[in-house]
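*Asks:* Sequence and predicted structure below; questions after.
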Amino acid sequence: METLKLDAIADYENSINVASEILNGGGIVAVPTETVYGLAASAYNDDAIKSIFAAKGRPQDNPLIVHISNLDMLSDIACDIPDVAYQCARAFWPGPFTMVLPKGDKIAESVSGGLKTVAVRFPSDKTICDIIEKSGLPLAAPSANTSGKPSPTTAAHVIDDLDGKINAVVIGGDCMVGVESTVVSLVGEKPRLLRPGAVTPEQLRAILPELIVDDAVLEKLKDGVAAASPGMKYKHYAPNTTAFLVEGCSNSFVSFVNSKENAAAICFEEEYYNVNVPKMSYGSKRDESTLAQNVFSCLRDIDSLNVKEVYIHAPSKDGVGLAVYNRLIRACGFEVIKL
Ligand code: TXA
Ligand code: MG
């Protein structure tokens, strides 16, 4: 199939209109959001949702997030909505925050991969919200990458992965946040953080003091344990180059990587000039938001350096750093080297 390229920077109105028509006709369209690009389809159209899974090569049991553009839509998506969900909505929406709630019966079966729950997000990005408004549809949208690859933060990333496999891509700017939304489940006895993102545990605890951080956020799931969030059990974000996460101070990181052959480094800007192997900086170690913005681009670009191994300097787990660390341990298949 030919993938239509809709340039939302040059011709915004037309891009929104054409994307909305395609979605209403049961097509699938990649769209920018503030976190990462998403691959969208009508949350009411089971066949369209199935084409998302096919285009990404995504396992059928890994459910999708439904995107809305105003709070009134929430009752079309979820049912038995607790008060605390509205408190979270007031605090964190629109924005990079997703809640898991009991699923409403209008939502297509395959959105939730057989679960009785549904994940919902009200993004802050204008483009996706205008497409939801114009089409009149809640949009189910996973990240717009081939399953297993780093999430796309630019339209070029989407085109690299999905050109010829989807109906259209809305070309907007680069994503501001850079890592996917924070996912919190509100269906268990206590609220549970399933995936860290730009809304941090500290911010969440102001509304959800009993918040539990799921084990899978920082650890590999043990065999036989059911994942609270199916997405957490799959290998994810990995470059083809074998990647290792390295914890330690700048001096020890620099001497460690400089002793390696046929290797590259993803490091902090503070140590960049001292690293003597092929290298990329993903930002200052003191600025977790910038690390989040750049981490997926670096993981995508590393294969072009044609080395056997890449050593990635681990960020702090503070604030948004927890989200960056969570993506990196998956990219490294949980191989952490402590110096
Ligand atoms: O920022 C984001 O969330 C981006 C943009 C496009 O909105 N979307 C995104 O979607 O990251 P995806 O499909 O790549 O990740 C969705 C995550 C997966 O880990 C999935 O397992 C989890 O949310 N999830 C979805 N529905 C769920 C449910 N009902 N229960 C538990 N986890 C769920
Ligand atoms: Mg994804």
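*Replies:* Cool, the structure landed. Ligands and ions are numbered 1, 2, ... in the order given.

*Asks:* Let's verify residue 326: helix, strand, or coil?
*Replies:* The three-state assignment at residue 326 reads helix, by DSSP: H, G, I helix; E, B strand; the rest coil.

*Asks:* quick one: pLDDT of it?
*Replies:* Predicted confidence (pLDDT) at residue 326: the value is 96.

*Asks:* Can you check the pLDDT for residue 219?
*Replies:* Per-residue pLDDT puts residue 219 at 85.

*Asks:* How about residue 204?
*Replies:* pLDDT, read off for residue 204, is 98.

*Asks:* where's it, which helix or strand?
*Replies:* The secondary structure element spanning residue 204 is helix 201-207 (assigned by DSSP states H and E).

*Asks:* Next, the most centrally placed residue in the chain: secondary structure please.
*Replies:* Among the residues of the chain, the smallest C-alpha distance to the mean C-alpha position (C-alpha atoms, centre = their mean) belongs to residue 180, namely 2.8 Å. Secondary structure state of residue 180, per three-state DSSP, is coil.

*Asks:* Enumerate the residues of the stretch 51-200 of the chain near ligand 1.
*Replies:* Applying C-beta under 6 Å from any ligand atom, one finds that the stretch 51-200 of the chain approaches ligand 1 through 62-65, 96, 98, 100, 112, 115, 117-119, 121, 141-143, 180-181, 183, 194-195. For glycine as for every other residue, the C-beta is placed from the backbone atoms N, C-alpha and C.

*Asks:* again, only this time at 5 Å
*Replies:* Taking C-beta under 5 Å from any ligand atom as the contact definition, the stretch 51-200 of the chain meets ligand 1 at 63, 65, 100, 115, 117, 119, 141, 142, 143, 180, 181, 183.

*Asks:* Tabulate those residues (JSON lines), appending distance to residue 229 and pLDDT.
*Replies:* Below are those laid out as JSON lines (distance: C-beta to C-beta, whole Å; pLDDT from 0 to 100):
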{"residue": "63", "distance to residue 229": "8", "pLDDT": "96"}
{"residue": "65", "distance to residue 229": "11", "pLDDT": "98"}
{"residue": "100", "distance to residue 229": "8", "pLDDT": "98"}
{"residue": "115", "distance to residue 229": "10", "pLDDT": "94"}
{"residue": "117", "distance to residue 229": "10", "pLDDT": "97"}
{"residue": "119", "distance to residue 229": "8", "pLDDT": "98"}
{"residue": "141", "distance to residue 229": "16", "pLDDT": "98"}
{"residue": "142", "distance to residue 229": "12", "pLDDT": "98"}
{"residue": "143", "distance to residue 229": "14", "pLDDT": "98"}
{"residue": "180", "distance to residue 229": "11", "pLDDT": "98"}
{"residue": "181", "distance to residue 229": "12", "pLDDT": "98"}
{"residue": "183", "distance to residue 229": "6", "pLDDT": "98"}
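
*Asks:* Could you identify which of those has the most neighbours?
*Replies:* Taking other C-beta atoms under 10 Å as the neighbour criterion, residue 143 ranks highest of those with 30 neighbours.

*Asks:* Could I get the phi/psi values of that one?
*Replies:* Main-chain torsions, residue 143, degrees, to the nearest 10: phi -60, psi 150.

*Asks:* Excluding covalently adjacent residues, which one is nearest to it?
*Replies:* Distance criterion C-beta to C-beta, 6 or more residues apart in numbering; nearest residue to residue 143, sequence neighbours excluded, is residue 151 at 4.0 Å.
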